[in-house]
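**Student:** Next comes the sequence, and after it the predicted model I'd like to discuss.
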Amino acid sequence: MTKRQRTIQDLAPFQGHFDPRRERWNKYTPLERLLQSVDVGGSPIGCWRWTRSTDREGYGFMKFRGRQERAHRVAWELLEGPIPPGLELDHRECENKSCVNVDHLEVVTGLVNTQRGCLKNRKRVCVRGHPLEGPEADIYERPNDRDRECRACMRIRDRARKRR
């Protein structure tokens with residue numbers, strides 16, 4: 001009886017995983033690395049908050065398959081399967097960009113994601129906490145219908161400009 005020679009890939013489920021691009025062993029599998037980088041507790045709605053590096057937009061990222069990928073996309077691919085071509089992930093349950101909980105994500109088209117984002121990202125209060133919606137709101141809407149500015153903050157800004 002001849003003994004079959006084991007390849008490195010045969011050992012992958014037992015000892016981390018083998019990265020064929022770099023031709024070396026990684027100590028942890030991508031799923032283990034993902035779970036080590038997540039804070040599961042502390043959110044009342046069940047967000048899994050990414051605790052490592054984030055990009056300028058607030059999305060977590062990690063190395064996956066030899067490339068830097070957004071952490072919520074990696075979580076989806078590891079736990080749910082591949083994202084179909086032409087579709088995107090939308091944070092439908094929460095507005096937290098650093099959340100990687102796949103229960104908070106939904107696969108949608110780019111158009112749907114953009115439309116939902118415009119509704120979600122409409123500010124309800126200004127930087128200083130003045131309301132931008134409701135009967136007590138004192139706002140100035142610019143002609144392009146995209147920008148709204150609190151009149152109190154506008155006055156503060158104008159006074160600061162005049163002092164210069």
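**Tutor:** Great, that's in hand. Numbering: from 1, shown residues only.

**Student:** which one's the longest helix in this protein?
**Tutor:** Counting residues, the longest helix found in the chain (DSSP state H) is helix 151-163.

**Student:** distance between that one and the chain's centre?
**Tutor:** 35 Å (C-alpha atoms, centre = their mean, to the nearest Å).

**Student:** Stretch 51-61 too?
**Tutor:** With C-alpha atoms, centre = their mean, you get 7 Å for stretch 51-61.

**Student:** Can you name the residues in contact with that stretch?
**Tutor:** With C-beta atoms under 8 Å, 6 or more residues apart in numbering as the test, stretch 51-61 has contacts from 37-39, 50, 62, 68-72, 97-98, 100. The C-beta positions use only the backbone N, C-alpha and C, and glycine is treated the same way.

**Student:** what does stretch 132-143 give?
**Tutor:** Around stretch 132-143, the neighbours that count as contacts under C-beta under 8 Å, 6+ apart are 123-126, 130-131, 147-152, 154.

**Student:** And it, what's buried?
**Tutor:** By 16 or more other C-beta atoms under 10 Å, the buried positions in stretch 132-143 come out as 132, 139.
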